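Student: My questions concern the predicted model and sequence given below.
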Amino acid sequence: MKRLLLPLLISSTSFYALANDQPKVSGFYVGAGFGTFGYSEEDSWNDNNNNLLSAEADGNSTKIYLGYQFNKIVGIEGTYTDYGTAKAKVGSYSMKPTSISLAANLGYTFGNGLRPFGLVGMSSLDLNQNEEQLTDDNGAAFKVGFGVEYTPKALSGVQIRAAYEVDMYAVEYESTNGFYSETNLYALDSLYLGASYKF
């Protein structure tokens with residue numbers, strides 16, 4: 001009987017240790033990130049002095065994100081992003097866009113702690129223009145992203161990620177004489193590193 005119980009005890013202990021050695025999967029998490037800022041536009045527009053405007057990114061992006069992961073595949077994530085500043089190549093026009101987003105976080109958590117993932121959702125965008133060149137300063141944007149996250153087994157609950165995210169939106173521009181208006185597509189993107197803690 002003792003010979004039978006001893007292997008069972010060893011097997012149970014080994015299984016328990018292995019189960020506890022797995023990275024934490026489900027739970028709430030909160031984190032922050034820092035990275036680059038990219039800005040792209042479908043077309044340029046004219047300012048009040050009839051200068052052809054085209055903006056470019058200047059600065060870095062910062063993010064605060066929180067969410068809940070239900071299982072190894074599905075999670076939901078909310079993010080506040082301060083993109084930095086986009087300045088006109090001609091003139092004094094600038095914008096300091098920010099966004100608040102809600103997205104599905106879809107991926108897979110492997111036993112070694114790695115989790116490739118994608119983000120799909122919507123954002124509420126505020127361009128924060130210093131001059132009202134674009135008539136739609138606030139509006140909705142389509143958010144997509146992808147990245148990889150790693151949960152070290154030695155740091156229970158700590159997650160490190162590298163990711164790329166973009167907010168794509170359409171803005172109406174109205175000519176200074178009011179004779180015509182057009183809608184162009186714009187994109188704000190960020191490549192960043194982040195760290196979070198899962199409770």
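Tutor: Received the coordinates, thanks.
Student: Starting from K143, give me the distance back to the residue lying closest to Q129 once chain neighbours are set aside.
Tutor: Leaving out its chain neighbours, the residue that sits closest to Q129 by Cβ to Cβ, 6 or more residues apart in numbering is M95, at 4.8 Å. Glycine gets a C-beta too; all of them are placed from N, C-alpha and C. Using Cβ to Cβ, to the nearest Å, we find M95 at a distance of 18 Å from K143.
Student: now swap in F34 and tell me
Tutor: Applying Cβ to Cβ to F34 and K143 gives a distance of 19 Å.
Student: Kindly report the same for Y169.
Tutor: Counting by Cβ to Cβ - Y169 and K143 are separated by 10 Å.
Student: shared neighbours of the two, anything?
Tutor: Common contacts of Y169 and K143 (Cβ atoms under 8 Å, 6 or more residues apart in numbering): S123.
Student: Neighbour count: these two, which is higher?
Tutor: Set Y169 next to K143 and count neighbours by other Cβ atoms under 10 Å: K143 wins out with 23 against 20.
Student: I'd like to check which residues are in contact with the more buried one.
Tutor: 99, 101, 103, 119-123, 165-168.
Student: which pair in the residues you listed spans the largest distance?
Tutor: S99 and V120 (14.9 Å; Cβ to Cβ).
Student: Compare those two and say which is more crowded by neighbours.
Tutor: Legend: neighbour count by other Cβ under 10 Å for S99 and V120, higher for S99 (24 against 13).
Student: Remind me which helix or strand the more buried one belongs to.
Tutor: strand 98-107 (DSSP states H and E).
Student: by contact count, what packs against the helix or strand following that strand?
Tutor: Sequence order places strand 114-126 as the next helix or strand after strand 98-107, per DSSP H and E. Counting contacts by 3 or more Cβ pairs under 8 Å, 6 or more residues apart in numbering; DSSP states H and E, strand 114-126 packs against strand 74-82, strand 98-107, strand 138-150, strand 158-174.
Student: can you redo these as JSON lines with distance to Y197 and mean pLDDT?
Tutor: Below are these laid out as JSON lines (distance: least, Cβ to Cβ, whole Å; pLDDT from 0 to 100):
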{"stretch": "strand 74-82", "distance to Y197": "14", "mean pLDDT": "97"}
{"stretch": "strand 98-107", "distance to Y197": "16", "mean pLDDT": "97"}
{"stretch": "strand 138-150", "distance to Y197": "12", "mean pLDDT": "94"}
{"stretch": "strand 158-174", "distance to Y197": "6", "mean pLDDT": "88"}
